[in-house]
Each structure stands twice: as structure tokens, then as C-alpha cells.
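**Q** can you look at this prediction? I've put the sequence above it.
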Amino acid sequence: MQASFFTAVALPVALAIIMLGMGLSLVPEDFQRVKKYPKAVLIGLISQLIFLPVIGFLIATLVPMQPTIAMGLMVIALCPGGVSSNVITFLAKGDVALSVTLTAFSSVITVFTIPILGNLAYQHFIGKTAAIALPIGATILQVFLMTLLPIGLGMTVRQIFPEIARRLEKVTNRLAVGFLALIILILIIREWSNLPGFIMQVGVGVVLLNTIGMIVGYYISKLFNLNSAQQICIAIEVGIQNGTLAIAITAGLLNNPDMAIPAAIYSLFMNITGLIAINYGRKLAVTSVVPEPVESKV
């Protein structure tokens, strides 16, 4: 398989299928849920869109790694949550409605934040070619086509043909898992000779980004007295990012497979912490009675 086909066709198709599957599970009320639970949504978005990039920048700056690897790590920190976070939240007995809402809102917001913050990060870690490597207008357009458009299409199908949407949702979710596994496999094969060195460089950064992100999301939501299901949800949303989008940006938009290695390693490692979150969330659900959240004040 040629690199051009991989970056120009395989990555966008895989991401579009994942986003289409998400759209098939969404209804307009998911975007209106912010009115009912403003504090939980606000805390989740701030944790994911502000705290996580700061954490990623500190890790990329303090942990010794090549500039391209540091940039790849930053791209992960700038990405929204994905379908995986919704699935893991469901299995962990977290607040699935909140998870879907946070994923939906972060997917919209990051269309604008990824190009802006990505350019700043590129300039810091790589050098003077940031504007050329990640043009804001083109990035917004491509991220829109790869994420918001298929989500909107899926929601439209869900509204008009709900039964068909339920059937397609199962199929697209399975295809999404298969595509993501294939993408990671292709990256590993292509970079096999460099992989041991990349793991040595990326491993520590990826583990720190994933685990610290989850811990920060959990304890910030706990600090603001959200219920246990919301705490689990926000921890997962902050810790489980859209690895496929990160790969598409680094290998596709930035045309640098080396930068995609952190996202590939991250996409593998997040499943381990995801299993830990599922186990913890299920135990917490047994011992906790989740009250109705009080959302009168933010």
C-alpha cells in the first residue's frame, strides 16, 4: 500500500466511518443537554480543551524527545474525544449522555482550536514552517469534512430513518474498530525498524499524557461535586482522545509519519487505561447511589 493512498484515502475514510457511526447515535437533544447540565459540560470541556493541552505541552517540553515526536504528542492533546470514549464510558457505568454531549461539543470546538493551537505548537517544537505545514483555512475545511459532515449525515439518517440508523450504527462501529486496527498495523509495519526507538521516546510521554489526563479530569470533577457517573465520564473524556484524528492530522495534513507514531502508540495504550476505568467505574457504580445533579450554578 502506497503512502499516498494511506494518507489520502484510508485515513479520511476510516475517520469518516467512525464519525458517521457517532452521528447515527446522536439526536438534536444531545446538543441541548448543556442547558440541563451546564456545570458538568463546562467542567468537562475546560478539562479537555484547556487543561489537557497544557499537560501535553509540559510533558512534551520536560520529557526528552525529538521535536517531531513532541509535536505528535501535542496533536493528541489538542484532539477531541472520540467514539471510543463513549463506548468506554458506557461500559464503565459512567454518564453516557454527558459523554456524547462532550464529544459532540469538543468535536465542533476543536475544528477551530486545532489549527490555531497546532500552529503555535508547530512553531515552538519544529520551527518557522508552521504556517506552511498547518494552514488554518485548509485544516478547518479538512477537519470539517472528516468529522462534522459525517456526524451531520449520521444524525440526519437517525432522524429520518431511525430503524435503519440503529442497524447501521452497529455495522459502522465494527468497521471503525477494524479500520483503526488496520491503520495502526500499517503504521507499525512502515516504521518497524524505527519502532523500538520511538517506543523509548514516546512511551513515557504517552503514558503520562493518558494517565495524568484521566486523573486531572476525575479529580477536577470531584472537586466541583459532580456525581460519580459524571466523574467517571469526564475522566474518560479527558484521557481517551481521538487517536484516528491525530493520525490523520500528523500523517495526512502535516505529511509526517514520524509525528503519527505517538498517536498510534497512544491508541494502543489507551485501551489499557480504558479497561482500568471500566473496572473502577463498575465497582464504583455498585457502591454509589448517583443523585440527580444540581446544576443551578456554574
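**A** Right, received. Where do you want to start?
**Q** tell me the secondary structure at Asn255.
**A** What DSSP: H, G, I helix; E, B strand; the rest coil gives for Asn255 is coil.
**Q** and it, how many neighbours?
**A** Residues near Asn255, counting by other C-beta atoms under 10 Å, number 12. C-beta coordinates here come from the backbone N, C-alpha and C atoms, glycine included.
**Q** quick check: the gap between it and Arg282.
**A** 42 Å (C-beta to C-beta, to the nearest Å).
**Q** what residues sit buried inside stretch 24-44?
**A** Neighbour-count burial for stretch 24-44, with 16 or more other C-beta atoms under 10 Å as criterion, is recorded at Leu24, Ser25, Leu26, Asp30, Arg33, Val34, Tyr37, Lys39, Ala40, Val41, Ile43, Gly44.
**Q** measure how buried Thr156 is and give me the count.
**A** By other C-beta under 10 Å, 13 other residues sit near Thr156.
**Q** quick one: it is in a helix?
**A** Yes: Thr156: assigned to a helix according to three-state DSSP.
**Q** next up, the contacts around Gly56.
**A** Counting by C-beta atoms under 8 Å, 6 or more residues apart in numbering, Gly56 touches Leu73, Met74, Ile76, Ala77, Leu78, Leu209.
**Q** a markdown table please, covering these and showing pLDDT and distance to Met200.
**A** Putting these into a markdown table (pLDDT from 0 to 100; distance: C-beta to C-beta, whole Å) gives the following:
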| residue | pLDDT | distance to Met200 |
| --- | --- | --- |
| Leu73 | 93 | 14 |
| Met74 | 93 | 19 |
| Ile76 | 93 | 18 |
| Ala77 | 94 | 20 |
| Leu78 | 93 | 24 |
| Leu209 | 94 | 16 |
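**Q** now the two most distant members of those residues.
**A** Considering C-beta to C-beta, no two members of the contacts of Gly56 lie farther apart than Leu78 and Leu209, which are separated by 11.4 Å.
**Q** who has more neighbours out of the two?
**A** Each of Leu78 and Leu209 has its neighbours counted (other C-beta under 10 Å); Leu209 has more, 28 against 24.
**Q** list the contacts of His273.
**A** I think there's a mix-up here, since residue 273 is Thr and not His. Asn210, Thr211, Met214, Gly239, Ile240.
**Q** how close does it sit to Leu209?
**A** Applying C-beta to C-beta, the value for Thr273 to Leu209 is 11 Å.
**Q** what does Ser221 give?
**A** The span separating Ser221 from Leu209 equals 19 Å under the rule C-beta to C-beta.
**Q** and what of Lys170?
**A** Using C-beta to C-beta, one gets 31 Å for the distance from Lys170 to Leu209.
**Q** got it, and Met65?
**A** Here the distance between Met65 and Leu209 works out to 12 Å (C-beta to C-beta).
**Q** of all the buried residues of stretch 24-44, which two lie farthest apart?
**A** Set against one another by C-beta to C-beta, the buried residues of stretch 24-44 have their most distant pair in Leu24 and Lys39, with a gap of 28.7 Å.
**Q** chain center to the helix or strand containing Gly118, what's the gap?
**A** Taking DSSP states H and E as the criterion, the element that holds Gly118 is helix 96-125. Counting by C-alpha atoms, centre = their mean, to the nearest Å, helix 96-125 is centred 9 Å from the centre of its parent chain.
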